[in-house]
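Trainee: when you get a sec, could you give me coordinates for this:
(one chain, ligands or ions: 1)
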Amino acid sequence: MNRLGLYANQLAHHLTITDNRTGKTIEVPISTSRESDFIHATKLGALQYQGQPLRVYDPGYMNTICCTSKISYIDGDKGILEYRGIPIEELAEKSTFVEVAYLLINGELPSKSQLQEWDEKLRKHTFIHTDASQMMKSFRYDAHPMGMLISTLAAISTFHPEVNPALAGEGVYKNQDIVNKQIYRILGSLPTIASNSFRNRIGREHNMPHENMSYVENFLYMLDKLNEKEYKPHPKITRALEVLFILHAEHELNCSTAFVRHLSSSGVDIYTAIAGAAGALYGPKHGGANEAVLRMLEEIGDLKNIPQFIKDVKDRKKLLMGFGHRVYKNYDPRAKIVKQIAYQVFEITGKEPLIEIAIELEKIALSDPYFIQRKLYPNVDFYSGVIYRALGFPTDMFPVLFTIPRVAGWLAHWKEYLNDKENNIVRPRQNYIGPEKRNYLPVEQRKEFPIYLESNKSSRQKRRETATIS
Ligand code: CMC
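Mentor: Model (predicted):
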C-alpha cells in the first residue's frame, strides 16, 4: 500500500484515548500496512501533563516501527521472506547474488544490459588501494577477521575525503552519482577485504581479484589461489555459497541494518556507517550466532550429551544458539534452504560430523514443549555454520561470510534512507531514574560508597604484583 493509501485509511480507524490525569481525550489515527497497524508515537505527545508530553517506553524496540520501507517483507508467523516482493525461495533457486543486490538496492530486477553494467562496475571496484592492503598486513597474525574487516572499512573512509560529508559538506549525498559510486566501491571491494583478512590469518600474500570471475567465484578464488596457473573454484561450491549470500543479503530492520539507518541519520560517511553496522553484526546474538552455533555443537561433541544440554537450556544455564528469532515465530524460511544446501555441499566435501548433532538437536527441540510453547525454531544460522565448517572455513570467518552479502541490504537501506522525506536524526528519549539535583562535594567531605572496581588479572600481572617496586 502506498503512503497515500495509508493516510486514507487513517481517517477510517483511530484510537480514542482519555488521559485520566487531566480528563483530556484525543483521537489518534491508526495507519494500516501489509505488516501491522500502527499509530504515530508523536500523536501521543498531545497528552501533556505538568508541561511534559506523554511518551512511549520500548527498550529493545519490541513494538516500535521506526521507518517506512519497500525493501523486504517478513511474515514471522507464516515464515515468509520476500525481497522487493519476490519470495526468497524463488531468488535462491533462480537468481545470483549480484542480481539480488541490484534488486535490493535499486528496487527492480535489472534488464540484461543493466545487469551487465552493474556486474562490470562491481568488478572494477574489487581492487582496493594498495595502502589499504598494506595496512591490513599490519594486523596481528591472530586478529579476528571481523575486527580486520570493520577497521579496514573505517580506514578506507579516509581514502575518499572528497565524498565524506564531514569534509565535503552535508549535501554531498544529494548527488546520486556519488551515492552510486560509494555503493560500487563498498559492494565491489567487500570480497577483497574479506579474503585479505583470511589470507592474513593463514600467513599468505593477498591475492589480486580475477578479471573474469563472478562475484562469489572471485571471492573463493582470492581466498584460495596459491601458485596454480589456472585456479577455478568448484561450480557447486560456488553456487552453494552464492545461495547462502542470497539468503543473507537482507532482513529488514535487524540490529545491524537498523544501525545503518541510525548512523546514517547523523550524516556520517557511508564507510563508517557500514563499519559500525558490521560491528553490530559481529555480536553472538546476531551475525556471530553461526559462530556460536558451531562452538555449541563442538561443546556438545556427541549425541549422548544432547539430553543434558537441552536440560541446561531449559534450566536457563545455556542458550540453544541458532534457535529463536525476534520476528520468526515459525521455521525461518532461510533455514529450510540452508539445510538442503548442507547436503549438496557434503556431496563434494564429505559429511561434516557435527551435522548429526545439529539434526538430533533440532529433532529433540522441535518436539519439546519448552521450545514449542516459546515458538523457538531453527533460524538461518543453525545450519549455515555446519556448511561453512564443511567448506573448510575457520569458525571466526563465519560472521564475515554473513557480512559480505548483508552489505547489499545495508546499502539498500542507506539509499532508501537518503531519499526518505521522513528521515531525521535518530534521538530516542530515556526514562531517567538517577539522583535528583545535588552539589559537587570536595573529596574530603565525601563518604565512600561500595563500588566494585576489580578487573581481570592475568597470572603475569599477579606475578608482577609480587615484585618489589621502587
Ligand atoms: N534458547 C533458549 N531459549 C530461548 C532462546 C534460545 N535460543 N531464544 C529465546 N529463548 C526463550 C527466552 O528465554 C524466553 O523465555 P521466557 O519467555 O520463558 O523468558 C523466550 O524464549 C522468548 O525469548 P526472547 O529473548 O524474548 O526473544 P527475543 O525476540 O528477545 O530474542 C533472539 C531473539 C534471536 C535474540 C534469541 O532467540 C536468541 O538469543 N537466540 C539465540 C541466538 C541466535 O540464534 N541468534 C540468531 C538470530 S537469526 C540471525 C540474525 O538475525 O542475526
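Trainee: gap between stretch 359-367 and the chain center?
Mentor: 26 Å (CA atoms, centre = their mean, to the nearest Å).
Trainee: do stretch 338-354 as well
Mentor: So, by CA atoms, centre = their mean, the centroid of stretch 338-354 is 25 Å from its chain's centroid.
Trainee: my read: Arg334 touches Val380, true?
Mentor: Yes. Arg334 lies in contact with Val380 (CB atoms under 8 Å); the separation is 4.0 Å. Where C-beta positions appear, they are placed from N, C-alpha and C, glycine not excepted.
Trainee: hey, what's in contact with both of those two?
Mentor: Residues touching both Arg334 and Val380 (CB atoms under 8 Å, 6 or more residues apart in numbering) are Leu247, His248.
Trainee: can you read off the backbone torsions of Leu153?
Mentor: Backbone torsions for Leu153, taken as degrees, to the nearest 10, come to phi -60, psi -50.
Trainee: surely it meets Tyr271?
Mentor: Yes. The pair Leu153 and Tyr271 passes the contact test of CB under 8 Å, sitting 5.4 Å apart.
Trainee: which neighbours do these two have in common?
Mentor: Ile186.
Trainee: which of these two has more residues huddled nearby?
Mentor: Leu153 (26 against 22; other CB atoms under 10 Å).
Trainee: and the pLDDT at the nearest residue to the more buried one once chain neighbours are set aside?
Mentor: Spatially, and ignoring its direct neighbours in sequence, Leu153 is nearest to Ala275 (4.0 Å; CB to CB, 6 or more residues apart in numbering). pLDDT for Ala275: 98.
Trainee: and Ala275, how many neighbours?
Mentor: Around Ala275 there are 21 other residues, counting by other CB under 10 Å.
Trainee: which element, helix or strand, includes it?
Mentor: Per DSSP states H and E, Ala275 falls inside helix 270-281.
Trainee: how far away is the residue nearest to His144 when sequence neighbours are not counted from Leu418?
Mentor: For His144, ignoring the flanking residues on the chain, the nearest one in space by CB to CB, 6+ apart is Asp396 at 5.3 Å. Look at Asp396 and Leu418: by CB to CB, to the nearest Å, they are 33 Å apart.
Trainee: those two - which one has more neighbours?
Mentor: Higher neighbour count among Asp396 and Leu418: Asp396, with 19 against 14, using other CB under 10 Å.
Trainee: that one and Glu291 touch, don't they?
Mentor: Yes. Counting by CB under 8 Å, Glu291 is a contact partner of Asp396 at 6.6 Å.
Trainee: please, where are all the helices along the stretch 101-250 of the chain?
Mentor: 112-124, 130-136, 145-156, 165-168, 176-201, 215-224, 235-248 (DSSP state H, counting those that start in this stretch).
Trainee: and those helices as TSV, adding mean pLDDT and distance to the ligand?
Mentor: Converted to TSV, the helices of the stretch 101-250 of the chain look like this (pLDDT from 0 to 100; distance: least, CB to the nearest ligand atom, whole Å):
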stretch	mean pLDDT	distance to the ligand
helix 112-124	97	25
helix 130-136	97	26
helix 145-156	97	13
helix 165-168	95	29
helix 176-201	97	18
helix 215-224	98	20
helix 235-248	97	9
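Trainee: just the residues contacting stretch 83-92, thanks.
Mentor: 70-73, 80-82, 100, 103-104, 107-109, 243, 246-247, 249-250, 333-334, 337.
Trainee: list only buried entries from those residues.
Mentor: 71-73, 81-82, 100, 103-104, 243, 246-247, 249-250, 333-334, 337 (16 or more other CB atoms under 10 Å).
Trainee: what does the stretch 201-350 of the chain put close to the ligand?
Mentor: For the stretch 201-350 of the chain, the residues in contact with the ligand (CB under 6 Å from any ligand atom) are 254, 285-287, 289, 313, 319-326.
Trainee: as CSV, the residues you listed with pLDDT and secondary structure would be great.
Mentor: As requested, those are exported to CSV (pLDDT from 0 to 100; DSSP: H, G, I helix; E, B strand; the rest coil):
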residue, pLDDT, secondary structure
Asn254, 94, coil
Lys285, 86, coil
His286, 86, coil
Gly287, 85, coil
Ala289, 85, helix
Val313, 96, helix
Leu319, 93, coil
Leu320, 95, coil
Met321, 93, coil
Gly322, 92, coil
Phe323, 93, strand
Gly324, 92, coil
His325, 91, coil
Arg326, 86, coil
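Trainee: which among those residues gets closest to the ligand?
Mentor: In terms of CB to the nearest ligand atom, no member of those lies closer to the ligand than Gly324, at 2.3 Å.
Trainee: ok, that closest one to Ala154 distance?
Mentor: Between Gly324 and Ala154 the distance is 31 Å, computed by CB to CB.
Trainee: what's the weakest-modelled helix or strand in this protein?
Mentor: Here the helix or strand of the chain ranked lowest by mean pLDDT, DSSP states H and E is helix 3-12, holding a mean of 48.
Trainee: show the subsequent helix or strand relative to that one.
Mentor: Helix 3-12 is succeeded, C-terminally, by strand 14-18 (DSSP H and E).
Trainee: state the mean pLDDT of that following strand.
Mentor: So the average pLDDT for strand 14-18 ends up being 95.
Trainee: can you list the low-confidence ranges for this protein?
Mentor: For the chain, residues meeting the criterion pLDDT under 70 lie at 1-11.
Trainee: list the contacts for the residue nearest to Tyr328 when sequence neighbours are not counted?
Mentor: Distance criterion CB to CB, 6+ apart; nearest residue to Tyr328, sequence neighbours excluded, is Gly76 at 4.6 Å. Taking CB under 8 Å, 6+ apart, we find Gly76 in contact with His325, Val327, Tyr328, Lys329, Asn330.
Trainee: same thing with Val28?
Mentor: Taking CB under 8 Å, 6+ apart, we find Val28 in contact with His14, Leu15, Thr16, Ile17, Ile39, His40, Lys43, Leu44.
Trainee: hmm, try it at 7 Å
Mentor: Residues in contact with Val28, defined by CB atoms under 7 Å, 6 or more residues apart in numbering, are His14, Leu15, Ile17, Ile39, Lys43, Leu44.
Trainee: can I assume it sits in a strand?
Mentor: Yes. According to DSSP: H, G, I helix; E, B strand; the rest coil, Val28 belongs to a strand.
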